[in-house]
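Student: Below: sequence and its predicted model.
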Amino acid sequence: MQNKITIYTDGSALGNPGAGGFGTILLSGAYRREIAKGFRLTTNNRMELLAVIEGLEALKKDGEAVTIYSDSKYVVDAVSKGWLFNWERTHFKDKKNPDLWMRFLKVYRRHQIRFVWVKGHADNPLNNRCDELAVNAAKTNPTNIDIGYDYSAPTLLNSD
């Protein structure tokens, strides 16, 4: 029997681009888990998408029935309107964030997912909590590096 899982997500970037973070809440029955992480340099759209990815990657079993609530038209419309699958067919030519979209597709295909768009900064307490998590993660001197975006980050090279 499938679990019914609900995921709420939000992303933030202070300055866009700037320091950023995401907040994700996973719900299943009485279970609740909050995930948040900040990055030193990123964009709002990357954090919106990463919030969804991290929520899905946190699921322990494949084949789950998942409803994702997001205030990101970028994420919700890309999937719900089928744009993402056209981007994939064209190898993301001239599209932003292909690294995250490919990561998303890998985990997306393991579950039955339905997206629901919610108005941001409105009367949805769980979306508002995700916003709080995302903004706090962005504000608390984040040192994580968004490698797909922050090209100025030093890389470790094998000197052998």
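Tutor: Thanks, I have the structure now. Residues are numbered from 1 along each chain as shown.

Student: And residue 147, how close does it get to residue 39?
Tutor: Residue 147 is 10 Å from residue 39, where distance means C-beta to C-beta, to the nearest Å. Where you see a C-beta, it was placed from the backbone N, CA and C, and this is true even at glycine.

Student: more crowded one of these two?
Tutor: Per other C-beta atoms under 10 Å, whichever of residue 147 and residue 39 has more neighbours is residue 39, with 25 against 11.

Student: could you give me the average pLDDT of the host helix or strand of that one?
Tutor: Using DSSP states H and E, residue 39 sits in strand 31-42. Mean pLDDT, computed over strand 31-42, is 97.

Student: mind listing the helices in the chain by residue range?
Tutor: With DSSP state H, the ranges of helices along the chain come out as 44-57, 73-80, 83-89, 98-108, 125-139.

Student: mind putting those helices in JSON lines, mean neighbour count included?
Tutor: Output for the helices of the chain, formatted as JSON lines (neighbours: other C-beta atoms under 10 Å):
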{"stretch": "helix 44-57", "mean neighbour count": "24"}
{"stretch": "helix 73-80", "mean neighbour count": "18"}
{"stretch": "helix 83-89", "mean neighbour count": "14"}
{"stretch": "helix 98-108", "mean neighbour count": "17"}
{"stretch": "helix 125-139", "mean neighbour count": "20"}
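
Student: Residue 18 is nearest to which of the ones you listed?
Tutor: helix 125-139 (7.7 Å; C-beta to C-beta).

Student: Excluding its own residues, what touches the closest one? List them.
Tutor: With C-beta atoms under 8 Å, 6 or more residues apart in numbering as the test, helix 125-139 has contacts from 8-14, 18-25, 27, 34-39, 47, 51, 69, 71, 118, 120-122.

Student: In strands only, show me those residues.
Tutor: Counted as lying in strands by DSSP state E, out of the contacts of helix 125-139, are 8-14, 18-25, 27, 34-39, 69.
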